[in-house]
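Trainee: Prediction below, plus the sequence it came from.
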Amino acid sequence: MIVKKHSLAPGSAYNTPYHVIRGSQQGPVFMIVAGIHGNETASMKAAQRIVNQLRHGSRSIQRGTLIIVPILNKQAYRKRIRGVPDLNRRFPRYNNEAASHPLASSLCRLMRSYHPSWYLDLHEANGLSQRSKRVLGQSLVVSPGNPAVPAVRHVLKGINETVGVESLRFNIRLRSRSGTSRMAVSRLLGAKAVTVETCWSLNHADRVHYQMDIIYRFLRYAGLMI
Ligand SMILES: [Zn+2]
């Protein structure tokens, strides 16, 4: 396994690291992005911790290529704000449309150069999906008809077996939202694309744990990890 650190948008105010981890065997390309919203801190912590575990060898990728962007919008993260404008409405909505934010453009270039067949977009949200259909906290969001749906159902079953408190269990939400990175990567590249949403009113360590557990379940399902 080889772990390499690179720069996204080098030489600009949006410069931020991304990591490419290659397994020793051929396999799928899997991309994980956190920090599209700068105040969803557990998702960024989880992404960074996974990079650290891979770098230090306590976890490893056997097959394929994993690309991780731990904090996409560093400017928003420094202020712990969602970001202005909302970066997750600035990705291309159609094949020939350009992204309308420099960071969204940089991420789209990265997507096009690696062509991931899997994409996880890490977020946090209000509320508990188990209590209300209108909220996204503790949910996996997927666009209707996206080929990730069977994987989402498999991961949900596994994670929910570990969640003792029923109100904290995760649910699938079938949603379309134009301008998101999830919709862009699925429309432009046909990727299996999922948004992970933990509930940000829970304890920080628990949210980081849920995010990491969900990510590793997807990596195993996709065949990158044993
Ligand atoms: Zn978000």
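Mentor: Noted; the coordinates are in hand. Numbers count the residues shown, from 1 in each chain.
Trainee: what helix or strand is residue 120 on?
Mentor: Here residue 120 sits within strand 118-125, counting by DSSP states H and E.
Trainee: so who does residue 71 touch?
Mentor: Counting by Cβ atoms under 8 Å, 6 or more residues apart in numbering, residue 71 makes contact with 16, 17, 34, 35, 38, 44, 47, 48, 77. (Each C-beta comes from the backbone N, C-alpha and C, glycine too.)
Trainee: among the residues you listed, which two are most distant?
Mentor: Greatest spacing in these, by Cβ to Cβ: 17 and 38 (15.5 Å).
Trainee: Give me the more crowded residue out of these two.
Mentor: The neighbour comparison of residue 17 against residue 38 (other Cβ atoms under 10 Å) goes to residue 38, with 22 against 16.
Trainee: where along this structure do the helices fall?
Mentor: Ranges of helices in the chain, per DSSP state H, are 41-56, 74-79, 102-114, 149-162, 181-189, 204-222.
Trainee: report the longest strand in this structure, please.
Mentor: Identified as the longest strand of the chain according to DSSP state E is strand 25-34.
Trainee: I would like the residues contacting that one, please.
Mentor: With contacts defined as Cβ under 8 Å, 6+ apart, strand 25-34 is touched by 40, 43-44, 46-48, 50, 62-72, 107, 110-111, 114-122, 181, 185, 191, 215, 218-219, 222-224.
Trainee: Could you tell me which of those count as buried?
Mentor: Listed as buried from those are 40, 43-44, 46-48, 50, 63-72, 107, 110-111, 116-122, 181, 185, 191, 215, 218-219, 222-224; burial here means 16 or more other Cβ atoms under 10 Å.
Trainee: partners of the longest strand of the chain in the sheet?
Mentor: Sheet pairing here is set by DSSP bridges, and for strand 25-34 it gives strand 63-69 (parallel), strand 118-125 (parallel).
Trainee: okay, the angle between the longest one and helix 204-222?
Mentor: Angle, strand 118-125 to helix 204-222, by axes from the mean of the first three to the mean of the last three Cα atoms, to 10 degrees: 160 degrees.
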